[in-house]
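Q: fold the following for me, if possible:
(2 chains)
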2 protein chains.
Amino acid sequence: MANPVLVEAMRGDTRESAHRGAIAVLDSDGKRLVALGDIDRPVFPRSAVKLLQAIPLVESGAADRLDLDDEELAIACASHNGEPEHVAVVERMLAKAGLDVSALECGTHWPRIGKVANAIAAAGGEPNALNNNCSGKHAGFLCLACVLCGGVNLRQYANGYVAPRHPVMRAVTEALEATTGHDLRQAPRGIDGCSIPTYAIPLDRLALAFARIGTGTGLRPGHARAAARLRKAVAQQPFMAAGSDRFDTEVMEALGERVYCKVGAEAVFCASFPERGLGVAIKIDDGNTSRAAEVAMAAAIEAFVDLDDEEADLLRRLSDAPMRNWNGIEVGALRATPELRDGLNG
Amino acid sequence: MANPVLVEAMRGDTRESAHRGAIAVLDSDGKRLVALGDIDRPVFPRSAVKLLQAIPLVESGAADRLDLDDEELAIACASHNGEPEHVAVVERMLAKAGLDVSALECGTHWPRIGKVANAIAAAGGEPNALNNNCSGKHAGFLCLACVLCGGVNLRQYANGYVAPRHPVMRAVTEALEATTGHDLRQAPRGIDGCSIPTYAIPLDRLALAFARIGTGTGLRPGHARAAARLRKAVAQQPFMAAGSDRFDTEVMEALGERVYCKVGAEAVFCASFPERGLGVAIKIDDGNTSRAAEVAMAAAIEAFVDLDDEEADLLRRLSDAPMRNWNGIEVGALRATPELRDGLNG
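A: Numbering: from 1, shown residues only, chains lettered A, B, ... in the order given. Prediction:
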């Protein structure tokens, strides 16, 4: 059966396009508060689980040994814009590990935000791996390698760290398995944009993991402490989590520790609402850019997080977003469907 | 009932994302060869119908009076990249009408192809209305105004030409209505990205119009002649129709007059296969970028156009497109589903 339409693009009064998808909202005991669409089908969470993948960086003691600060911990969980501020923090992190850009195995791409790419081009430059949206996550992997390598040459030890069987990636996968409670040995495996493995996991289990990182319930103590520290670091430094003109940064700048949210490629979106003890996981079926996943996430925040008037205005602008054309004329809207709103409101 | 899945994004062996949609293939007598999904629901064709909207430019005699060449006629039908070659042709066209960039009412946006935008930024520049992907269409409207204005001041006459009731837009709408055979007075109307009206039309009627422009059957003689001239101009100058790294240009460079195809915003795609006397209209439900519409169109070309081995290789690369990550590793594919291929093969 097809998933329900969660988000619609309106042109005038006519529905121009429609996004089907599924959304799970669970508490950390595994109780399902919302189950719209097929939330048992495994989906690749891609970058939405970067915080879960950064847990070993903290639990292992690497973050303490290298004295990583909130900016550095936040960017270890980030899909950032590759802006100069992001590049500087990733370089600093690599330097603490005694490494530089050449150790990164994430590959290179032009920043996706036009003005960031334009600025590089205007300066006559080209992006490098530091600009890759995943460079902070990869710097975190390399910092983790500092404690795992046991004194052998770090550069040599870390070579090939993106491979599923490398000790760094095994530690990362173990954290993902423990927090989601999902057996990843049996899960479909793919290669992510930045070359690390990605495992298909049901939305139900992803929402559970994000509930757990908000409450600590169901996690081993080291994971609970690490997750809380990472969440707080992002809440302190939300610009490091994404950057200019980005949903995650804008929402977390406004809501602080009340919402931890993280977008992933192919329209996955996960969030933790710690005050409410809830986790959210969304996959828009078509996966094509995050526009619909953002609208659905905004609607979920509206439904479950207590907001003051100003915050409510911001979230409504994100869940029922006017669309303007090249002359600034309002031509339609991208908005949550009544079906999604009704499903969220139980 | 939900439309079928026409295109799937695979990661490894697992379906990561899925695009539902509808596709109509008709001959110019209105016989339906393919009707997958709901082809009777009205959709905004957006830029996919630019050739139909350019018919009055030719039929009115404006193209002859201003001595427009193939490049200029092709760009009147284009969603171009705003590359220097495109900007030069649009400027030349406006000059023939005695106008310049200030007469364009399409608005301004940065070119969507990264390297084109980067080149503007690297030169310290900013885009203007000439770079707008619709600037050629708008230049065509202004050239049409040259013959409609009847000697009054052209600049004054053309002011506000994007409004539905302006004589320029009435002529354009009349051509759209005549070629599709669809009553637009009753159709939902929206405002397009470049501020002209867009009318929702069933895929069935769009496919019929594109069959007709290939054969001339069912069109009044002036429309048939104008459409043939525009098709031939695009076949001569396919770079003007889109530009670097674009599906439309690549396919028409390879196939010449055997395929006229045109993408539209929100994942609409129309085509004419004149040799076969067929028209195609596709709408991917989610509308979010053209990636799936391009795959579906490539599959339709494979099913209905006779291809030599080299052409077949090109089209297969477009209908079953490898996806590579930032390190160039093949991580999956974007491909036509068996359901689409079976539907196309009757």
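
Q: drop to CA atoms for contacts and neighbour counts, all remaining ones
A: Noted.

Q: by mean pLDDT, which helix or strand of chain A comes out lowest?
A: helix A:114-122 (a mean of 88; mean pLDDT, DSSP states H and E).

Q: isn't residue A:15 right next to residue A:8, touching?
A: Yes - the pair residue A:15 / residue A:8 is scored as a contact, 6.5 Å apart, by CA atoms under 8 Å.

Q: what sits in contact with each of the two?
A: By CA atoms under 8 Å, 6 or more residues apart in numbering or on different chains, residue A:15 and residue A:8 have no common neighbours.

Q: quick one, which of these two is more surrounded?
A: Neighbour tally, residue A:15 and residue A:8, criterion other CA atoms under 10 Å in any protein chain shown: the higher count belongs to residue A:8, 25 against 16.

Q: helices and strands around the least confident helix or strand of chain A, which ones?
A: Here helix A:114-122 touches helix B:114-122, going by 3 or more CA pairs under 8 Å, 6 or more residues apart in numbering or on different chains; DSSP states H and E.

Q: using PDB, write out every CA atom in the helix it packs on.
A: Only the C-alpha atoms of helix B:114-122 are listed here, as PDB (Å, rounded to 0.1, in the frame of the first residue of the first chain):
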ATOM      1  CA  GLY B 114      27.100  25.300 -10.500                       C
ATOM      2  CA  LYS B 115      29.900  25.900 -13.000                       C
ATOM      3  CA  VAL B 116      27.900  28.600 -14.800                       C
ATOM      4  CA  ALA B 117      27.100  30.400 -11.500                       C
ATOM      5  CA  ASN B 118      30.700  30.000 -10.400                       C
ATOM      6  CA  ALA B 119      31.900  31.700 -13.600                       C
ATOM      7  CA  ILE B 120      29.700  34.700 -12.900                       C
ATOM      8  CA  ALA B 121      30.900  34.900  -9.300                       C
ATOM      9  CA  ALA B 122      34.500  34.400 -10.300                       C
END
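
Q: okay, the next helix or strand after it in PDB with CA atoms only?
A: Per DSSP states H and E, the first helix or strand lying C-terminal to helix B:114-122 is helix B:135-148. What follows is helix B:135-148, C-alpha atoms only, in PDB (Å, rounded to 0.1, in the frame of the first residue of the first chain):
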ATOM      1  CA  SER B 135      14.700  35.000 -20.800                       C
ATOM      2  CA  GLY B 136      14.600  33.700 -24.400                       C
ATOM      3  CA  LYS B 137      10.900  32.900 -24.100                       C
ATOM      4  CA  HIS B 138      10.300  36.400 -22.800                       C
ATOM      5  CA  ALA B 139      12.400  37.900 -25.600                       C
ATOM      6  CA  GLY B 140      10.100  36.000 -27.900                       C
ATOM      7  CA  PHE B 141       7.000  37.500 -26.300                       C
ATOM      8  CA  LEU B 142       8.500  41.000 -26.800                       C
ATOM      9  CA  CYS B 143       9.200  40.200 -30.400                       C
ATOM     10  CA  LEU B 144       5.600  39.100 -30.800                       C
ATOM     11  CA  ALA B 145       4.600  42.400 -29.300                       C
ATOM     12  CA  CYS B 146       6.400  44.200 -32.200                       C
ATOM     13  CA  VAL B 147       3.700  43.000 -34.600                       C
ATOM     14  CA  LEU B 148       0.700  43.100 -32.100                       C
END
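
Q: now do helix B:135-148: which elements does it pack against?
A: helix B:50-59, helix B:62-65, helix B:70-76, helix B:84-96, helix B:154-158, helix B:167-180.

Q: now do it, average pLDDT.
A: Rounded to a whole number, the mean pLDDT of helix B:135-148 is 98.

Q: what's the angle from it to helix B:50-59?
A: Angle, helix B:135-148 to helix B:50-59, by axes from the mean of the first three to the mean of the last three CA atoms, to 10 degrees: 30 degrees.

Q: how about residues contacting helix B:135-148?
A: Residues outside helix B:135-148 that contact it (CA under 8 Å, 6+ apart): B:50, B:54, B:56-57, B:60-63, B:66, B:72-73, B:75-79, B:90, B:93-94, B:97, B:104-106, B:129, B:154, B:157-158, B:161, B:167-168.

Q: do that again at 7 Å, thanks
A: B:54, B:57, B:62, B:75-78, B:90, B:93-94, B:97, B:104, B:106, B:129, B:154, B:158, B:168 (CA atoms under 7 Å, 6 or more residues apart in numbering or on different chains).

Q: up against chain B, what does the stretch 1-150 of chain A have?
A: A:2, A:11-12, A:14, A:16-19, A:43-44, A:107-109, A:118, A:121-124 (CA under 7 Å from any CA of the partner chain).

Q: one more pass at 8 Å, please.
A: A:2, A:11-12, A:14, A:16-20, A:43-44, A:106-109, A:117-119, A:121-124 (CA under 8 Å from any CA of the partner chain).

Q: state which strand of chain A is the longest.
A: Longest strand in chain A by number of residues (criterion: DSSP state E): strand A:14-27.

Q: that one pairs with which strands, parallel or anti?
A: For strand A:14-27, the paired strands and their directions (DSSP bridges) read strand A:5-11 (antiparallel), strand A:32-36 (antiparallel), strand A:278-284 (antiparallel).

Q: turn these into a markdown table, columns for distance to residue B:249 and mean pLDDT.
A: Output for these, formatted as a markdown table (distance: least, CA to CA, whole Å; pLDDT from 0 to 100):
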| stretch | distance to residue B:249 | mean pLDDT |
| --- | --- | --- |
| strand A:5-11 | 28 | 98 |
| strand A:32-36 | 41 | 98 |
| strand A:278-284 | 31 | 98 |
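
Q: nearest to residue A:345, of these?
A: The closest of those to residue A:345 is strand A:32-36. By CA to CA, the value is 8.5 Å.

Q: contacts for the closest one, please.
A: So strand A:32-36 is contacted by A:3, A:4, A:22, A:23, A:24, A:25, A:26, A:27, A:340, A:343, A:344, A:346 (CA under 8 Å, 6+ apart).

Q: so which of those comes closest to residue B:316?
A: residue A:3 (29.7 Å).

Q: how close does the residue of chain A found nearest chain B sit to residue A:333?
A: Ranked by CA to the nearest CA, the top residue of chain A for proximity to chain B is residue A:122, at 3.9 Å. As judged by CA to CA, to the nearest Å, residue A:122 and residue A:333 stand 33 Å apart.

Q: just to revisit the earlier point, which among the contacts of strand A:32-36 end up buried?
A: Among those, those scoring as buried are A:3, A:4, A:22, A:23, A:24, A:25, A:26, A:27, A:340, A:343, A:344 (criterion: 16 or more other CA atoms under 10 Å in any protein chain shown).
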